[in-house]
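Participant: output the structure for:
(one chain, ligands or ions: 1)
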Amino acid sequence: MIKIGLLGCGNVGHIIARYAEDIRIVAALDRIPERAQELAALCHARPYTNFDAFMREDFDIAVEAASVGAVRLYGEAILRAGKDLVVLSVGALADEEFQERLVETARRANRRIRVPSGAIIGLDNLKIGRISPLRTLLLRTTKPPESLGISSAERKEVFKGMAHDCIKQYPKNINVAVALGLAAGKDADVELLADPDVDRNIHEIFAEGEFGDIYIRVRNVPSPDNPATSYMAALSILTLLKNLENPLVVGT
Ligand SMILES: NC(=O)c1ccc[n+]([C@@H]2O[C@H](COP(=O)([O-])OP(=O)(O)OC[C@H]3O[C@@H](n4cnc5c(N)ncnc54)[C@H](O)[C@@H]3O)[C@@H](O)[C@H]2O)c1
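Facilitator: Sure, this is the predicted structure:
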């Protein structure tokens with residue numbers, strides 16, 4: 001059974017703890033002690049607020065469901081300690097210098113950094129963009145204003161530009177744009193809209209290249225405890241972990 005250390009005991013962390021089958025969560029870290037304790041009690045793990053103590057636990061993979069800041073703070077140390085890393089706050093990798101450092105650390109330690117599909121679909125075959133470059137890669141994300149931490153009585157565009165700039169302004173909301181770019185090898189264009197009339201987090205992906213064109217629309221149910229996060233994102237981590245040791249590998 002895979003043993004994991006969970007970094008981040010918020011909304012996604014709770015879903016992982018509640019539905020973890022064939023996975024043992026041995027340690028749970030959060031900077032808020034009550035959150036670590038509550039989640040640890042849910043899944044018979046040990047709670048931590050101190051990173052060094054967390055790392056002394058015996059687990060194979062650290063699963064980050066915390067923040068872009070947490071990836072920057074702890075990512076390299078996790079890999080250097082010989083543990084694989086699952087990164088949900090993939091926006092951290094928009095900083096190319098940091099990304100290169102993290103990947104180099106993984107290479108030297110012979111470890112893997114895994115990015116789950118998160119709140120979208122299609123990262124698998126967008127990797128064709130690394131063989132036959134895409135001409136277009138656009139993410140149009142529409143969320144209820146409260147998901148973006150604003151109030152607005154009407155539909156409005158809050159950002160238009162490149163993913164690596166958008167993630168600086170919306171680090172909790174646009175991780176998927178960075179994931180798209182990592183898969184396709186091209187920084188995605190982003191249009192971010194706030195719409196008081198939608199009750200889902202909607203991601204529309206437009207891609208075009210020599211192969212033809214793609215349009216994907218994902219309409220995610222926001223998690224009740226954190227409307228910025230989609231339930232699908234938590235499920236995608238569980239899927240990744242469940243399939244790590246499956247000899248039949250589909251859709252990579
Ligand atoms: N890639 C995707 O598609 C995708 C989808 C959804 C969420 N996310 C990202 O996943 C992360 C988790 O989402 P969530 O909804 O569970 O968030 P959340 O705010 O509900 O929970 C995050 C938890 O991590 C803790 N935390 C944050 N930084 C920390 C640090 N440096 N050290 C220790 N603890 C820390 C917080 O105290 C909190 O309890 C967020 O960064 C979110 O943006 C990515």
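Participant: most proximal residue of this structure with respect to the ligand?
Facilitator: Closest approach of the chain to the ligand (CB to the nearest ligand atom) occurs at residue 10, with a separation of 1.7 Å. From N, CA and C alone the C-beta is placed, and that goes for glycine too.
Participant: that residue and residue 31: what is the separation?
Facilitator: Per CB to CB, to the nearest Å, residue 10 is found 11 Å from residue 31.
Participant: also residue 174?
Facilitator: With CB to CB as the criterion, residue 174 and residue 31 are 23 Å apart.
Participant: buried ones in stretch 198-211?
Facilitator: Going by neighbour count (16 or more other CB atoms under 10 Å), the buried part of stretch 198-211 is 198, 200-207, 209.
Participant: if you count what's nearby, which of residue 174 and residue 31 comes out ahead?
Facilitator: Legend: neighbour count by other CB atoms under 10 Å for residue 174 and residue 31, higher for residue 174 (27 against 15).
Participant: tell me the pLDDT of the nearest residue to the more buried one once chain neighbours are set aside.
Facilitator: Closest residue in space to residue 174, ignoring its immediate chain neighbours: residue 166 at 4.9 Å, by CB to CB, 6 or more residues apart in numbering. Residue 166 carries a pLDDT value of 96.
Participant: verify the contact between residue 166 and residue 192 for me.
Facilitator: Yes - between residue 166 and residue 192 there is a contact at 6.3 Å, judged by CB atoms under 8 Å.
Participant: show the contacting residues for the nearest residue to residue 19 once chain neighbours are set aside.
Facilitator: Spatial nearest neighbour of residue 19, excluding adjacent residues (CB to CB, 6+ apart): residue 238 at 5.7 Å. With contact taken as CB atoms under 8 Å, 6 or more residues apart in numbering, residue 238 is in contact with 15-16, 19-20, 23.
Participant: in the stretch 1-150 of the chain, which spans are strands?
Facilitator: 2-7, 23-29, 46-48, 61-64, 84-87, 113-114, 136-143 (DSSP state E, counting those that start in this stretch).
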